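Q: pasting a predicted model and its sequence here:
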Amino acid sequence: MNDPLVYLNGKFTPISEAHVPVLDRGFIFGDGIYEVIPVYGRKMFRSDQHLARLNRSLAAIGIPNPHSKEEWLKLIAQVMAAHTADDQMVYLQVTRGVAKRAHAFPAEITPTVFIMTNPIVLPNANARANGVVCVSMEDKRWLHCEIKSISLLGNVLAAQNAAEHQATESIQFRDGFLSEASASNVWVVKDGKVIGPPKDNLILEGIRYGLIEELCAAKDIPFEMRRIPRVEVFAADEVFLTSATKEVLAVVKIDDQTIGHGSNAGKPGPIYHQLYAAYQDAKAASPA
Ligand code: PDD
C-alpha cells in the first residue's frame, strides 16, 4: 500500500499512523491555518513568500509560529526527501492544538503541526492548450479571506458548485465586483493591461499575486490593481487564474459566455501565453 511519510508534531510517520485527537481545535472549530507550496525538481518555488504568508496567517489568528524559517525549511525538506516525485505539492497546517471545547482561545496552547507532500497535479494538456470553463457565483464567504484559514467551507461549496457545472472553478463576485475563485486568484486583461482585484480582506493574496506583478514589470505589460465590476470580467479580452497548482491558466468561457474578441475569442490569449512562458522561466531560474 502507498503509505507516504508525513510529519506530525515532532515525528515522521507513515500517513496511516498519523493521528490527531478529536479535541484538536482544527477538528472542532477549523481553528488553524495552512499553506500549499509547489516544488519543482525537488526545489520549493517561492518558499520565502509562502513562509512569510504563513507568518501573517498565524499572526492574524494569534497563534505563535511554532518554528523558525530554518526549522520549517528543514522539516519540509525531510518530508520531501522521503518521496520519489521530483515535482511535489507540500501541504502544511498549524492548528491551535488540543483543548476542552470552548470557543475562546485556551490560556496555554501547543499548536498541532502537520506536513505532507504529494506529487503535484498540474493542469492537463487539454486545459493548457484550450483554456478552461468557469462558472460565476456570489461570494458568500466571510470577510477575512486574506487569512489562509483551514475553515474552508465557503470555498468547498464554491468548488462543489463548479464541479456540478463541469467547470474548473467558480469565479466569485461580491456586491457586483470580482473577488476570486474557490482556490485561485482571478485576473482580467483589457487593452493589453493585466488587472487584478486589490489585495484586501476580500481575497487571499496568492503567492502568484506578487509574481504576476513582477512578471508584468519584466515583460513591460501594464499592471493595475483595482475593483473590477462584473461586466468588465465578461467583456475582458482575456481572463486567467493563478494558484500554486494551476500556475497560470486561461479561462475561455464563464457561464456559457465566451471570453475574448475576434480571432482570440474562446482561446487562451497573447498575454496569457507571455505570462505562462515567463512563469516557466521563473520556475527554472528559482534558487534552491
Ligand atoms: N489555493 N485564493 C484562494 C482562495 C486559494 O485557495 C488559493 C490557493 C489562491 C492562490 O494562492 P497561491 O498563488 O498562493 O497558490 C487564491 C491552494 C492552492 C489550495 O488551497 O490548495
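A: On my side now, so go ahead.
Q: which one is residue 217 nearest to, not counting chain neighbours?
A: residue 223 (6.9 Å; Cβ to Cβ, 6 or more residues apart in numbering). Every C-beta, even on glycine, is put in place using the N, C-alpha and C of the backbone.
Q: and that neighbour, what does it touch?
A: 193-196, 212-213, 216-217 (Cβ atoms under 8 Å, 6 or more residues apart in numbering).
Q: ok, now residue 191?
A: residue 237.
Q: helices of the protein, start to end?
A: 25-29, 47-60, 69-81, 125-130, 153-164, 207-218, 230-234, 270-284 (DSSP state H).
Q: using PDB, write out every CA atom in the longest one.
A: Yep, that's helix 270-284 we're talking about. Output in PDB follows, covering the C-alpha atoms of helix 270-284 (Å, rounded to 0.1, in the frame of the first residue of the first chain):
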ATOM      1  CA  PRO A 270      -1.400  36.500 -26.100                       C
ATOM      2  CA  ILE A 271      -0.900  37.900 -22.600                       C
ATOM      3  CA  TYR A 272      -1.700  34.500 -21.100                       C
ATOM      4  CA  HIS A 273       0.900  32.900 -23.400                       C
ATOM      5  CA  GLN A 274       3.500  35.500 -22.400                       C
ATOM      6  CA  LEU A 275       2.900  35.100 -18.700                       C
ATOM      7  CA  TYR A 276       2.700  31.300 -18.800                       C
ATOM      8  CA  ALA A 277       6.100  31.300 -20.500                       C
ATOM      9  CA  ALA A 278       7.500  33.800 -18.000                       C
ATOM     10  CA  TYR A 279       6.200  31.700 -15.200                       C
ATOM     11  CA  GLN A 280       8.000  28.600 -16.600                       C
ATOM     12  CA  ASP A 281      11.200  30.700 -16.900                       C
ATOM     13  CA  ALA A 282      10.800  31.800 -13.200                       C
ATOM     14  CA  LYS A 283      10.400  28.200 -12.100                       C
ATOM     15  CA  ALA A 284      13.600  27.200 -14.000                       C
END
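Q: quick one: is it near the ligand?
A: No. Helix 270-284 does not reach the ligand (Cβ under 6 Å from any ligand atom); its nearest approach is 11.0 Å.
Q: and that helix, what does it pack onto?
A: Judged by 3 or more Cβ pairs under 8 Å, 6 or more residues apart in numbering; DSSP states H and E, the packing partners of helix 270-284 are helix 207-218, strand 238-243, strand 247-254.
Q: now those as TSV including mean pLDDT, distance to the ligand and mean neighbour count?
A: Listed next are the helices and strands packed on helix 270-284 as TSV, based on pLDDT from 0 to 100; distance: least, Cβ to the nearest ligand atom, whole Å; neighbours: other Cβ atoms under 10 Å:
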stretch	mean pLDDT	distance to the ligand	mean neighbour count
helix 207-218	97	4	18
strand 238-243	98	4	25
strand 247-254	98	9	24
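Q: closest to residue 113 out of those?
A: Nearest to residue 113, of all those, is helix 207-218, at 20.3 Å by Cβ to Cβ.
Q: tell me which residues are up against that closest one.
A: By Cβ under 8 Å, 6+ apart, the list of residues contacting helix 207-218 from outside reads 46, 49-50, 53, 185, 187, 194, 196, 199, 221-223, 242-244, 247-248, 275, 278-279, 282.
Q: just want the residue of the stretch 101-250 of the chain that's nearest the ligand.
A: Residue nearest to the ligand within the stretch 101-250 of the chain (Cβ to the nearest ligand atom): residue 206, separated by 2.7 Å.
Q: can you check what pLDDT the model gives that residue?
A: We have a pLDDT of 98 for residue 206.
Q: number the chain from 524, please
A: Yep, numbering from 524; the last one is residue 729 now.
Q: any idea how this structure splits into domains?
A: The record's domain split for the chain, according to automatic domain parsing, is 528-642, 648-807.
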